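Asker: Return atomic coordinates for the entry below.
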Amino acid sequence: MAVYHINTSELKSRAEELCAGDEVFLSGVVYTARDAAHKKITALLDERKDLPFDLDGACIYYAGPTPARPGMPIGSCGPTTSSRMDVFAPRFLDLGLCAMIGKGQRSKEVVDAVCRNKAVYFCSIGGAGALAAMCIKECEVIAFPELGCESVKKLTLKDFPVYVALDCKGGSLFN
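Answerer: Down below sits the predicted model:
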C-alpha cells in the first residue's frame, strides 16, 4: 500500500499507478452529485444539452453537503452510499469521468467500466463528514439549486483523504 498526494487534474494520467488499498490525499476540483443530480445530468445527456461541468477528466464526490456555518465554505460533507449511482456510473465513465468518491461496494457493471476506462473509485470515511469538510476550501453551487443539499457543487479540496477502493486493473478493497 502506498500513499499519494494527487491533484484531481492529474487523476486521468495517474489512475494506472494506483492500487486498491492505496491512501490518496486529493487536492483540486471535484463535483458533488447524488441521485437526483445524476438523474438530471442523464436527462441533459439524453437531450444533448450542455452539462453543468465537463465529465471528461472529472471527479464526482457522492455527497450532499449541509449548509455552511459562518466563516466556513461548507457544512458537513461526508460520502453517501455509492451503489445508488451504479445505474448512471458506467455511462459517465464511458464519457470520460475519471474518478468517483463515495462509500461502499459497486456493481459488476461499474467495476467493468472502471477497468475499461482506466478510472478509479475512491472511498472516503463515512460518518466523518465534519472532518472531511475541513479539507474543503471552496464550495460553489453550479447546477440544480432547487435540489438543495443535492445540488451540484464545485468543491476545491486540499489534502482530502481517500482510499483506492477499485483500481483500473480490477483490484478491489471489497474482495
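
Asker: how would you label Leu44: helix, strand or coil?
Answerer: Three-state call for Leu44 (DSSP: H, G, I helix; E, B strand; the rest coil): helix.

Asker: thinking it is in contact with Leu55, fair?
Answerer: No: the criterion here is Cβ atoms under 8 Å, and Leu44 misses it with Leu55 at 10.7 Å. For the C-beta atoms, the positions are set from N, CA and C on the backbone; glycine is no exception.

Asker: Tell me which of the two has more neighbours.
Answerer: Neighbours were counted for Leu44 and for Leu55 using other Cβ atoms under 10 Å; Leu55 has more, 18 against 14.

Asker: From the contact counts, what lies against the longest strand along the chain?
Answerer: Longest strand of the chain, by residue count under DSSP state E: strand 152-166. Secondary-structure packing of strand 152-166 (3 or more Cβ pairs under 8 Å, 6 or more residues apart in numbering; DSSP states H and E): strand 23-32, helix 108-116, strand 120-123, strand 136-143.

Asker: among the ones you listed, which is nearest Cys98?
Answerer: Cys98 lies closest to strand 120-123 among the helices and strands packed on strand 152-166, at 7.1 Å (Cβ to Cβ).

Asker: returning to what we had before: highest average neighbour count across the helices and strands packed on strand 152-166?
Answerer: strand 120-123 (a mean of 26; mean count of other Cβ atoms under 10 Å).

Asker: now for that one, which elements pack on it?
Answerer: Against strand 120-123 (3+ Cβ pairs under 8 Å, 6+ apart) you get strand 99-102, helix 108-116, strand 152-166.

Asker: Just the pLDDT for Ser27.
Answerer: On pLDDT, Ser27 comes in at 98.

Asker: which residues does it contact?
Answerer: Ser27 makes contact with His5, Ile6, Asn7, Thr8, Leu157, Lys158, Asp159, Phe160, according to Cβ atoms under 8 Å, 6 or more residues apart in numbering.

Asker: who touches the helix or strand of the chain with the lowest mean pLDDT?
Answerer: Lowest by mean pLDDT, DSSP states H and E among the helices and strands of the chain is helix 129-133, with a mean of 81. Residues outside helix 129-133 that contact it (Cβ under 8 Å, 6+ apart): 63, 65-66, 72, 74-79, 124-125, 160.
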